[in-house]
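A.B. asks: When you get a sec, could you give me coordinates for this:
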Amino acid sequence: MRETIPIGADHAGFALKERLVAELRRLGFEPLDLGVHNADAADYPDYAHDVAARVERGEAARAVLLCGTGLGMSYAANRHAGVRAALTWNADIARLARQHNDANVLVLPARFISEEEGVEILRTWLTTPFEGGRHERRVLKIDQERRQQ
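C.D. replies: I've put the predicted structure just below:
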């Protein structure tokens, strides 16, 4: 069974999202395109919360979000328990986000990367495993305060 990857964007990320949906299919994943479905103005929190909630509920292990800077999507997504949304602008950052932080939501700044860079970042993020070890205790501490409340 193919892994389902929810993906969402606002209007600024629409074009790159379309390219990444195709790339996910080409790589053997099942993209769940949660919008937007055109370049009309849209509010990024609506899409960030929809996508991140699916990771929070365990419906998906990983997901992808895009907006102009990536900042708004990452702010909204990281409000969800268990979500580690990483704003990435190159393959090295994507690799480290997976290796050291076990990032489960990839966030891309669509206005600041090319389509080719977006594809490279996606591929790197999808294929890089979490290293665990000393990083595991740090990742566990991310949600520690929420667990104590």
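
A.B. asks: wait, Val105 sits on Leu66?
C.D. replies: No: using CB atoms under 8 Å, Val105 is not in contact with Leu66; the gap is 11.1 Å. C-betas here are computed from N, CA, C, even on glycine.

A.B. asks: Geometric centre of the chain: which residue is closest?
C.D. replies: Centrality entry for the chain: nearest residue to the mean C-alpha point is Leu106, 2.3 Å, by CA atoms, centre = their mean.

A.B. asks: Show me what that residue is bridged to.
C.D. replies: Following DSSP bridges, Leu106 is listed with bridge partners Val64, Ala86.

A.B. asks: wouldn't it be in contact with Ala86 here?
C.D. replies: Yes: using CB under 8 Å, Leu106 is in contact with Ala86, at 6.5 Å.

A.B. asks: what is in contact with these two at once?
C.D. replies: Ala94, Ala97 (CB atoms under 8 Å, 6 or more residues apart in numbering).

A.B. asks: so Leu66, which of the three states?
C.D. replies: strand (DSSP: H, G, I helix; E, B strand; the rest coil).

A.B. asks: Helices of the protein, start to end?
C.D. replies: Applying DSSP state H to the chain gives helices spanning 14-26, 44-56, 71-77, 91-101, 115-127, 134-142, 144-148.
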